[in-house]
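Okay, predicted coordinates and the sequence, questions at the end:
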There are 6 protein chains.
Amino acid sequence: MERPERVILEEKGAAGSLRHTAVSHIGFSVPDVGAAEKFYTRVLGLVRHAEIDNGVRLGWGTGHHVVDLIQGEKKLAYYGFEVRDENGIAGIRERLLAAGHKVMDLDASFITSPVGGVEGVSVVDPDGTEIHFHSQVQRQGENAADTGRRPIKFQHTTLGSGDVARMVSFYTEVIGFRISDQLHDGNFCWLRSDKDHHTLAVVFVGKGGDIDHYSYDLAEWEDFKAWCDRLTELDVPVAWGPGRHGPGNNLFVFFDDPAGNHIELSAEMEKFYDDRVTYVPRRWEPTPVSVNLWGGQLPSWRKVSG
Amino acid sequence: MERPERVILEEKGAAGSLRHTAVSHIGFSVPDVGAAEKFYTRVLGLVRHAEIDNGVRLGWGTGHHVVDLIQGEKKLAYYGFEVRDENGIAGIRERLLAAGHKVMDLDASFITSPVGGVEGVSVVDPDGTEIHFHSQVQRQGENAADTGRRPIKFQHTTLGSGDVARMVSFYTEVIGFRISDQLHDGNFCWLRSDKDHHTLAVVFVGKGGDIDHYSYDLAEWEDFKAWCDRLTELDVPVAWGPGRHGPGNNLFVFFDDPAGNHIELSAEMEKFYDDRVTYVPRRWEPTPVSVNLWGGQLPSWRKVSG
Amino acid sequence: MERPERVILEEKGAAGSLRHTAVSHIGFSVPDVGAAEKFYTRVLGLVRHAEIDNGVRLGWGTGHHVVDLIQGEKKLAYYGFEVRDENGIAGIRERLLAAGHKVMDLDASFITSPVGGVEGVSVVDPDGTEIHFHSQVQRQGENAADTGRRPIKFQHTTLGSGDVARMVSFYTEVIGFRISDQLHDGNFCWLRSDKDHHTLAVVFVGKGGDIDHYSYDLAEWEDFKAWCDRLTELDVPVAWGPGRHGPGNNLFVFFDDPAGNHIELSAEMEKFYDDRVTYVPRRWEPTPVSVNLWGGQLPSWRKVSG
Amino acid sequence: MERPERVILEEKGAAGSLRHTAVSHIGFSVPDVGAAEKFYTRVLGLVRHAEIDNGVRLGWGTGHHVVDLIQGEKKLAYYGFEVRDENGIAGIRERLLAAGHKVMDLDASFITSPVGGVEGVSVVDPDGTEIHFHSQVQRQGENAADTGRRPIKFQHTTLGSGDVARMVSFYTEVIGFRISDQLHDGNFCWLRSDKDHHTLAVVFVGKGGDIDHYSYDLAEWEDFKAWCDRLTELDVPVAWGPGRHGPGNNLFVFFDDPAGNHIELSAEMEKFYDDRVTYVPRRWEPTPVSVNLWGGQLPSWRKVSG
Amino acid sequence: MERPERVILEEKGAAGSLRHTAVSHIGFSVPDVGAAEKFYTRVLGLVRHAEIDNGVRLGWGTGHHVVDLIQGEKKLAYYGFEVRDENGIAGIRERLLAAGHKVMDLDASFITSPVGGVEGVSVVDPDGTEIHFHSQVQRQGENAADTGRRPIKFQHTTLGSGDVARMVSFYTEVIGFRISDQLHDGNFCWLRSDKDHHTLAVVFVGKGGDIDHYSYDLAEWEDFKAWCDRLTELDVPVAWGPGRHGPGNNLFVFFDDPAGNHIELSAEMEKFYDDRVTYVPRRWEPTPVSVNLWGGQLPSWRKVSG
Amino acid sequence: MERPERVILEEKGAAGSLRHTAVSHIGFSVPDVGAAEKFYTRVLGLVRHAEIDNGVRLGWGTGHHVVDLIQGEKKLAYYGFEVRDENGIAGIRERLLAAGHKVMDLDASFITSPVGGVEGVSVVDPDGTEIHFHSQVQRQGENAADTGRRPIKFQHTTLGSGDVARMVSFYTEVIGFRISDQLHDGNFCWLRSDKDHHTLAVVFVGKGGDIDHYSYDLAEWEDFKAWCDRLTELDVPVAWGPGRHGPGNNLFVFFDDPAGNHIELSAEMEKFYDDRVTYVPRRWEPTPVSVNLWGGQLPSWRKVSG
């Protein structure tokens, strides 16, 4: 796998337009919907909200849904963001059109449990995956749980890509995200759209169209022991961690779903206060101790040096 | 604002008749129901249980409702108590009639998720606000949540009043509450109706008809950091605290809803065991260190020393 | 009450066939269903899922139900297990038939919130009580709660019996459970069917047909203070503990429901990993310090030293 | 054992003169000093500060000592208080002389690690035991420890007595303590001399001259599990608890030293703020649920209901 | 008090030379050494290590000392840093001489409990206060304590100054610190010399020669309740907080020593990893919500918005 | 490296004679004593207790010492146990002599801070390393610390060996330890001498004469985050973990000292109660998920599956 030349990723254009935007749902194409549903309900505590075409829609039992599982070969079907910025959807639509992208109205069936007016757009990202941007939804389900047993929210998506710079340019200049951190070699970039260090990240994996991993929040470190013990009880092996990331400073542990999607559990992510402080994106050395501050062990699927 | 002469508030009459009675719901008239609903659902984790006349009814998603938001100018519309004392409602009705108050049957629509028989009375308090007393309701929704993210219950109402002694006399002699604490100058009185130090308080603010503040319980001190960080993330500034009250010994932090209602989050409130110990109400010096044991900072709206 | 001769209980036959099987529901015949329902909803946070013949069905609000309360004299009506082992139900049926037991198909109404196919058998245990074995059900409701306020799951049933050896033989040789621990005198035996030290126990009490006690899990020691304080607030006295059991190493506290059923709250139970380690059942001295490692106080209803 | 008539214990005379006074050391006569020293160093983490006549002096390794162990039959040899009140020692001396007591200068060897001037008096209490009152000493050793492994301070002494009213009268009217709580029958009284609910208590046991028990503070509930497990590891059985007292609201657990002295570990004791609030002593029913709010189990040596 | 024009503080020269350097001790001139010693030993748990000229030297009981108290009018006498960087002292000496400063060998009596070779220099800072830089010392005393009762280390010094830019230039260009954060108006600057966000800060207060405040670390948020309660017990009022700073992201609470020095207790300070990431100093708006992220209350002595 | 045939290790002879015996100190020969001392004092919080021949003696500052560092090539110099069993030392001496071992009186200089009589023997283990067995010592220093910053005790030694069966036979049949767990292939064996699952372990590494690793206890899981963050702050990388061992069920994390000794931090180790329960040693599959229950990552130096 050939890696690109060193690239300094820059914030330009609309960067910073979005400050109250966060991931809301994600759709996976998986080879065995039944096995995946059993996993997500038993292990992560999700519940079936609805049946959808060729699949099922899962969520926290109340409020907006979280995961769609659709029969097919393993890939990312689509990923969504809730935009609570004032005139946020309108601004995204306008900037996308100005940049020559094709914009569709988002099918209202994706906006479950709305609060106030319902509004949404759909666009294809530079790697060819469908993105959903939509207005405010109910999210109380996120926290209605024992934090030792169920994640408290879906927190970020990390996309694999064949062209990190192109994806970052799209998300900063057109959509309105900002860069929080990047690796010096330009192969990994963490983007924010609210006070969290990142709600989206992009990493070079040779080609686009699937996630590298995606992540749920736990409430605190104490929960990591409960979760590792619980995964063991459920015969799900830990793949990486516990550890602490450099970019975002968040605690992490990783394991896989039956389709092979890497799932992260995370806590203590760094916050950004763009309303009161001026930041310049940091650049990290592409070494294992950047990705895990505590020590150099990497999971089997990740290379950060060389 | 002229303050009354020093008054020693006394327990007489029916004081102590109620020992299993607690706040259950509260109705606010607010100028912007939509903004208030967005706040209560996003910040406090309440969900819409129903639409009501000119407003919405919010609760914990299951069991009895908590907050009614009704279109109008900012004021307290009504406040309610669940009475689990044996023959509690009948006793209240009887004592109110004996004292010459006009008593109405409570509209059953206010008693959502009853357990066992449904019974309720409505009366107007000496300051002119409607009170609801009703029989047992389902309250499991109170605790079905991550305590770091959602309050665990609605715990007390503090009424502003122009005549504290009159209100206290009504609640102790007629309704059956007891006095736990008071300020020496008679301008603040904390009343109990179960094992909690207070489920109701009355403070002199010049005139009646609105709350001074109202309060939700958190589970423990650890949650105060999670809440202050979360309020910051949601752009809601802390108005007072964290601190610890003298009367009740409870930890506290305050912030405002969009209508300007002061909301308290509280924990570690002192308990009273009237079935096994004889108490005499305490009297506190009306100084800032009584209201915050840790130090003298007061919020902008509170004066305790004349 | 005469006690049997010393008996060494042994694992034979099918022992170890079940490794993903756990208690799922329990049915009590109680003299006052209304009082019992008020207790279980207010104290344990259960909610009414349905009305059933002569009674009510309670659960965590979502997923499989937990407790059936049926009008009648106090006794155990039936108890159930969720079997997630591959071909688990088929194997149980086959072994029961081979051993000459009468096997019925379980009425599907007992399998609420199934996941995947619905399958179940019913059999009468050697002491004459009906047992339910059924396929996978939704159990997310188990953990959707503040662990300080509501147990996180129904964890084990301890049967009183007049013939411990016969019951243990039935559960190990025919059904497929394993022995984790026993008292040296054979009067108490703890059986496992998944990674928990026990999901079922049997104790000699002179005759069978009722529980000795049954148990819910709390998340951690911290919750024991919250629960003891909360029980006190609700006028429910603690009957035994807090303490720590020898067999299972679990923390415990006991109290009674209105029908006189002993309820245990438990945490930190020892785990067994039969897929990677070979165990031999341990044998404990029948002394108070075996039953409570911390010290010799026993509850009024328990005798462990002959 | 005959118990006295019902007595209402009252605060008179000098009551409230002392507000910054706390227990400092205690001297036991024990039959086996070697065994007692092994116990106190291994179990409680005390270290030998010095050899004294016929015994050893133990403390936290730095600052003022805590326990003197003196060869002899089991009894209380003396008990001491650090008086930080301005002119505290002078006031006590003056009031004792005015009341006709014989007052001695305290031997300076008892005031180890003084801060500022050294001053002390010794007097015999109405039950015949020697009391030490002395000026400020270093107490940093109290908290220099892992709170899960070592108590954080010596907190109170509870004297057994044959005449509770006489002892209470001495301590309130002459010495200057206040009454925080009492049992209705006058057989138990809790006295304060700083912000803690009690630093001294007196209970009717038929005759005076020995402790009923004495108590060390733990930092929090979490430590009670660590301590019960650790006592078990060290073959020291728990005699009572964990539980929560009514008077003082403190969590507790009890065990014995080799001489048979009952030792309490305690946390969360109620605080009193006499500088800003007026209290009236409470009176508790002499029932088990007063002494343990959680439930009625009492230790073998205690009777609270006549 | 006139404030300077807006100044952007820049890193130049030696900035970043020091990466293993931290505050070690501080010397205060105070009007009443006896009162100050009583305060620091009783409230902060320090112990007297030695008597010095006109004063006392306090520390954690073992290892390097922390606070010198010297009789005189209130001011900062000197402040010290432990330099663990390789050739750190030599480099500082060389750069100071090259920049024309007068450098003295540090009196070895200031380097208590050294580890390895003893080396130190003394210089006068641009505001006229003596600074000590010295080689490695024993610091185990820092952590040998219950974190709820005693701070775990002396963490930073914040100097008041009349010329912030001059002080920052001295510390970055000559000494070798780096800038972590600053206010946009140049009136406050936070400097780092190891992985902590700051070990030194400088704030404009009109003139130099004294601290603005200085700070000790607590282990975690849980300790803030224990400390606020403990300060209340010791009659020391909280002056500001609890809250969370923007620059450094650390939790804080403030109170005063008897000489009027503001003392901060702090936890959760942001870490910097200069060995693996490139940072650009952030610039904060000079508003109250920068200094306390949770809300706008400021202490009486602080103005951040012009 | 050739591994031995499968061996079932058995308990015979004196096994179980010791029940109150635990590791006390360990002596390392290291190439750079100065670097090792800096590491142990800064990272682990040990302090220098004394200088010894060619080295230094470190401990917790009070009580018995823990680590001797002696100039030389990296190897284990000796390791010691405190024997608190009645007549423990005499019994060991007698059994060693009966088995034909050469027994020396232990040099009294190794028994620092004794309690009661001083007694000790020295013997060479089958792999040629010197062992110390000695009578009771002061160990209060073990717990006098913030558990988040300093381990709370030295807990076990794991010896590398070329003949595990021979070492186990020596320790069980002659010395009096018991087997708690072993790998099925006989290459790893965990031995107990008090209530802890193991105080000594032996693992096949090809040849004897050095440790495989040694271990300190932390108080709880919460401390693992504090320690990983603290190691990172001190530039010490984590080599393995955090994870949870199968045998012993203890949480763990590993890192190296400057001489290359592997150091483990551990918590939650399983307890054995030989006074009340009969155990049979368990046998684990020699697979990665036995050594880390949470998942299969192993450190670079360990192979468990042939």
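Right, received. Where do you want to start? Please read these numbers as outputs of a predicted model, since none were measured by experiment.

Just the closest residue of the stretch 151-300 of chain A to chain C, please.
Residue of the stretch 151-300 of chain A nearest chain C, by Cβ to the nearest Cβ: residue A:233 (5.2 Å). (Glycine included, C-beta is placed from N, CA and C.)

Tell me where the stretch 201-306 of chain A has strands.
Secondary structure of the stretch 201-306 of chain A by DSSP state E, counting those that start in this stretch: the strands cover A:210-217, A:240-244, A:251-256, A:262-267, A:277-278, A:282-284.

Excluding residues flanking it in the chain, which one is nearest the closest residue to chain D within the stretch 151-300 of chain A?
Closest contact between the stretch 151-300 of chain A and chain D, by Cβ to the nearest Cβ, is at residue A:222 (11.8 Å). Leaving aside its sequence neighbours, residue A:222 sits nearest to residue F:222 (Cβ to Cβ, 6 or more residues apart in numbering or on different chains; 6.4 Å).

what do you get for residue A:47?
The spatial neighbour of residue A:47 that comes closest, neighbours along the chain excluded (Cβ to Cβ, 6+ apart), is residue A:61 at 4.6 Å.

What residues does residue A:136 make contact with?
Going by Cβ atoms under 8 Å, 6 or more residues apart in numbering or on different chains, residue A:136 touches A:82, A:84, A:114, A:115, A:116, B:38.

So which of these is surrounded by the most neighbours?
Of all the contacts of residue A:136, the most densely surrounded is residue A:82 (26 neighbours; neighbours counted as other Cβ atoms under 10 Å in any protein chain shown).

Which strand or helix spans that residue?
Element membership for residue A:82 (DSSP states H and E) is strand A:75-83.

Check which element follows that strand along the chain.
According to DSSP H and E, the helix or strand after strand A:75-83 is helix A:88-98.

what's that following helix packed up against?
Packing partners of helix A:88-98 (3 or more Cβ pairs under 8 Å, 6 or more residues apart in numbering or on different chains; DSSP states H and E): strand A:120-124, strand A:130-134.

Poorly predicted segments of the stretch 1-150 of chain A, please.
In the predicted model of the stretch 1-150 of chain A, residues A:1-7, A:143-150 satisfy pLDDT under 70.

where along it do the strands fall?
Counting by DSSP E, counting those that start in this stretch, the strands of the stretch 1-150 of chain A are A:21-30, A:47-52, A:55-59, A:65-71, A:75-83, A:104-105, A:120-124, A:130-134.

thinking again about what came up before, so what's the residue count around the residue of the stretch 151-300 of chain A closest to chain C?
For residue A:233, using other Cβ under 10 Å, the count is 14.

And it, how far from residue F:42?
Look at residue A:233 and residue F:42: by Cβ to Cβ, to the nearest Å, they are 39 Å apart.

for residue A:137, same thing?
Residue A:137 is 51 Å from residue F:42, by Cβ to Cβ.

With neighbour numbers in mind, choose between the two.
For the pair residue A:137 and residue F:42, the greater number of neighbours falls to residue A:137 (21 against 17), based on other Cβ under 10 Å.

partners of the more buried one in the sheet?
residue A:114 (DSSP bridges).

circling back: mean neighbour count and distance to residue D:288 for the helices and strands packed on helix A:88-98 - can I get that in a markdown table?
What follows is the helices and strands packed on helix A:88-98, written out as a markdown table (neighbours: other Cβ atoms under 10 Å in any protein chain shown; distance: least, Cβ to Cβ, whole Å):
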| stretch | mean neighbour count | distance to residue D:288 |
| --- | --- | --- |
| strand A:120-124 | 19 | 64 |
| strand A:130-134 | 22 | 61 |
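
In a markdown table: these, plus distance to residue F:51.
Shown next, in a markdown table, are these (distance: least, Cβ to Cβ, whole Å):
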| stretch | distance to residue F:51 |
| --- | --- |
| strand A:120-124 | 73 |
| strand A:130-134 | 68 |
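
And the ones you listed: which comes nearest chain F?
Across the helices and strands packed on helix A:88-98, chain F has its closest neighbour in strand A:130-134 (33.3 Å, Cβ to the nearest Cβ).

Run the chain-centre distance for that closest one.
13 Å (Cα atoms, centre = their mean, to the nearest Å).

Just the CA atoms of the helix or strand following it, as CSV, please.
Towards the C-terminus, the helix or strand next in line after strand A:130-134, according to DSSP H and E, is strand A:153-161. The C-alpha trace of strand A:153-161 is given here as CSV (Å, rounded to 0.1, in the frame of the first residue of the first chain):
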residue,chain,number,x,y,z
LYS,A,153,-23.8,7.7,23.1
PHE,A,154,-22.6,7.2,19.5
GLN,A,155,-19.7,9.6,19.4
HIS,A,156,-17.6,9.6,16.2
THR,A,157,-17.0,7.9,12.9
THR,A,158,-13.5,7.3,11.5
LEU,A,159,-13.5,6.9,7.8
GLY,A,160,-10.9,4.9,5.9
SER,A,161,-9.8,6.8,2.8
